[in-house]
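> Got a predicted structure plus its sequence, pasted below:
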Amino acid sequence: MDSGATAWLLTSSALVLFMTPGLALFYGGMVRARNALAMLMNNFVAMGIVTVTWIVIGYTLAFGPSVEGWGLIGGLDYIGLEKVGSGNPIHGAAVPDSLFMAFQMMFAIITPALISGAIAGRMKLSAWMIFIAVWSVIVYAPMAHWVWAGGIVGGDLGAIDFAGGLVVHINAGAAALAAALVLGPRLGFGRDLMRPHALPLTLLGTGILWFGWFGFNAGSAIAADGAAANAFVTTQVAAAVAATTWIVVEWLTAGKPTTLGVASGAVAGLVAITPAAGFVGPLAAILIGIAAGAICYWALRLKFRYGFDDSLDVVAVHLVGGIVGSILLGILADADIGGVAGGFEQLLRQAASVLIAVVYSFVVSYLLLRIIQKTIGLRVTEEEERRGLDLSLHDEQAYVLSD
């Protein structure tokens, strides 16, 4: 055991968990006031539900030895955390196996929480809770196994993903697109003005996400070493450049830079650098930041062109941002930094991995949502939606201005 690596991964685990409340604030400020608490609730319940699913079965499906060597799913060797922390190392890392499990659990928690931005203001809490419980087992865990546990993507295909471009962001973004299509648009979408009700909360959430992302990316080195330091630097660079690029493009095209723009740009940069943080240097991070800021900004227009109501732009920021980072990684990877050289062959591997992640997550998520829709129903009633989910689902208000 390495005490420095263990201390850093303990810290990183806490940072990644802190990102989920940060995400709740980021999304919570963007919805209308009558849905603020419901959005916060959607994120916080993920911290409870996915902790249980991860411990009981998710972790073993993600990081257990591949069943019969297929590379498709982990076996049940670690079900209920069997053998984890038993004193016999199972992962070969310089940190306790129980800590590695906890660090990965924080990723499993925030990934379905990301999807909540696409369903804001219209999905029943009961349906959401069932969805994330099942999704974390049948979508997230297999994807984590494919990419990070020697499965078909990271092992057989040879694609790389340092901290979750495929496993977290593309995975959640594709599911968010499926959710938006199955649920249908909010009442008044495309007609009524739906301004964010509290952008200071969104900016605060952005700051927490940015802060936590250093644990997300630098912690993925699973050591307190040069790889962690490099990931720390590239994370900062890409986020800063993408935030600046977004507001410049917005300024030139829309006439005014916005605080929502700088927040969205920063997150887009953080998303795009996630798969590449440990494989590229600072100059490459600048290029990734520029691409993420510009491309994700333009991707926002797709939902209005094609009529799908991704309420808080999960598709534009996380799906598109994850694709940008994963594809550019195939070109910009530096063998002297991460041991993998970019080039045409690696680009093809990255493109194939993106296709696998998008198709699997979208198809399975779509089918799961349809099953829930046909059984208990997905969407609140029209009356509940007009009243607002805070009152109709929780009998609470985010803001009470009089006694």
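Okay, I see it. Residues are numbered from 1 along each chain as shown.

> hey, let's count contacts and neighbours off CA atoms from now on
Fine.

> Mind giving me the packing neighbours of the helix or strand of the chain with the lowest mean pLDDT?
Least confident element among the helices and strands of the chain, by mean pLDDT, DSSP states H and E: helix 302-306 (a mean of 85). Using 3 or more C-alpha pairs under 8 Å, 6 or more residues apart in numbering; DSSP states H and E, no helix or strand is in contact with helix 302-306.

> ok, and what's touching the helix or strand following that helix?
Note on helix 302-306: by DSSP states H and E, the next helix or strand toward the C-terminus is helix 314. Helix 314 is contacted from outside by 114, 115, 117, 118, 173, 176, using C-alpha atoms under 8 Å, 6 or more residues apart in numbering.

> hmm, try it at 7 Å
Helix 314 is touched from outside by 115, 117, 118, 173, 176, with contacts defined as C-alpha atoms under 7 Å, 6 or more residues apart in numbering.

> Now flag whichever of the residues you listed is closest to residue 150.
Nearest to residue 150 among the contacts of helix 314, counting by C-alpha to C-alpha, is residue 173 at 23.2 Å.

> per-residue pLDDT, the closest residue to the closest one other than its chain neighbours?
Spatially, and ignoring its direct neighbours in sequence, residue 173 is nearest to residue 319 (4.2 Å; C-alpha to C-alpha, 6 or more residues apart in numbering). Note on residue 319: pLDDT of 98.

> Pull the distance from the helix or strand harbouring residue 21 to the chain's centre.
Secondary structure from DSSP H and E places residue 21 in helix 3-28. In terms of C-alpha atoms, centre = their mean, to the nearest Å, the gap separating the centre of helix 3-28 from the centre of its chain is 13 Å.

> other SSEs contacting that helix?
Judged by 3 or more C-alpha pairs under 7 Å, 6 or more residues apart in numbering; DSSP states H and E, helix 3-28 is in contact with helix 36-53, helix 97-115, helix 199-218.

> burial measure for the spatially closest residue to residue 299 that is not a sequence neighbour, as a count.
If the residues on either side of it in the chain are set aside, residue 299 comes closest to residue 316, at 5.1 Å by C-alpha to C-alpha, 6+ apart. Neighbourhood size, residue 316 [other C-alpha atoms under 10 Å]: 25.

> contacting residues for residue 316?
If a contact means C-alpha under 7 Å, 6+ apart, then residue 316 has 296, 299, 300 as its contacts.

> Throw the residues you listed into CSV and include secondary structure, neighbour count and pLDDT, thanks.
Output for these, formatted as CSV (DSSP: H, G, I helix; E, B strand; the rest coil; neighbours: other C-alpha atoms under 10 Å; pLDDT from 0 to 100):
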residue, secondary structure, neighbour count, pLDDT
296, helix, 27, 98
299, helix, 16, 96
300, coil, 18, 92
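
> follow-up on the earlier one: state the distance from the residue nearest to residue 173 to residue 333.
21 Å (C-alpha to C-alpha, to the nearest Å).

> Neighbour count: these two, which is higher?
Shown here are residue 319 and residue 333; by other C-alpha under 10 Å, residue 319 has more neighbours (30 against 25).

> shouldn't that one be in contact with residue 170?
Yes: counting by C-alpha atoms under 7 Å, residue 319 touches residue 170, with 4.5 Å between them.

> picking that back up, what residues does the least confident helix or strand of the chain touch?
Counting by C-alpha under 7 Å, 6+ apart, 309, 310 sit against helix 302-306.

> now that helix, how far from the centre of its chain.
22 Å.

> repeat for stretch 104-118
6 Å.

> What average pLDDT does it get?
For stretch 104-118, mean pLDDT rounds to 98.

> Check stretch 194-211 too.
Here the average pLDDT along stretch 194-211 is 97.

> mind listing what's buried in it?
For stretch 194-211, the neighbour count (16 or more other C-alpha atoms under 10 Å) marks 196-211 as buried.

> Check the offset of that stretch from the chain's centre.
Taking C-alpha atoms, centre = their mean, the mean C-alpha location of stretch 194-211 is offset from the chain mean by 16 Å.

> All further residue positions should be reported with the first residue as 280.
Got it, the first residue is 280 from now on, which makes the last one we talked about stretch 473-490.

> Can you list the neighbours in contact with it?
Residues from elsewhere that reach stretch 473-490, judged by C-alpha under 7 Å, 6+ apart: 298, 301-302, 304-312, 539, 542.

> With stretch 318-335 instead?
Contacts to stretch 318-335, defined as C-alpha under 7 Å, 6+ apart, come from residues 299-300, 303-304, 306-307, 358-360, 384, 387-388, 392, 395, 399, 412, 415.

> how about 8 Å then?
Contacts to stretch 318-335, defined as C-alpha under 8 Å, 6+ apart, come from residues 299-300, 302-304, 306-307, 310, 358-360, 384, 387-389, 391-392, 395, 399-400, 404, 407-408, 411-412, 415-416.

> same question, stretch 427-434
Stretch 427-434 has contacts (C-alpha under 8 Å, 6+ apart) with 341-345, 349-352, 424-426, 435, 438-440, 632.

> mean confidence for that stretch?
95.

> Quick one: residues in contact with stretch 654-674.
Taking C-alpha under 8 Å, 6+ apart as the rule, stretch 654-674 contacts 313-317, 400-404, 406-407, 462, 466, 648, 651-652, 675-677.

> go with 10 Å
Stretch 654-674 has contacts (C-alpha atoms under 10 Å, 6 or more residues apart in numbering) with 311-318, 320, 398-407, 409-410, 458, 461-463, 465-466, 648-652, 675-677.
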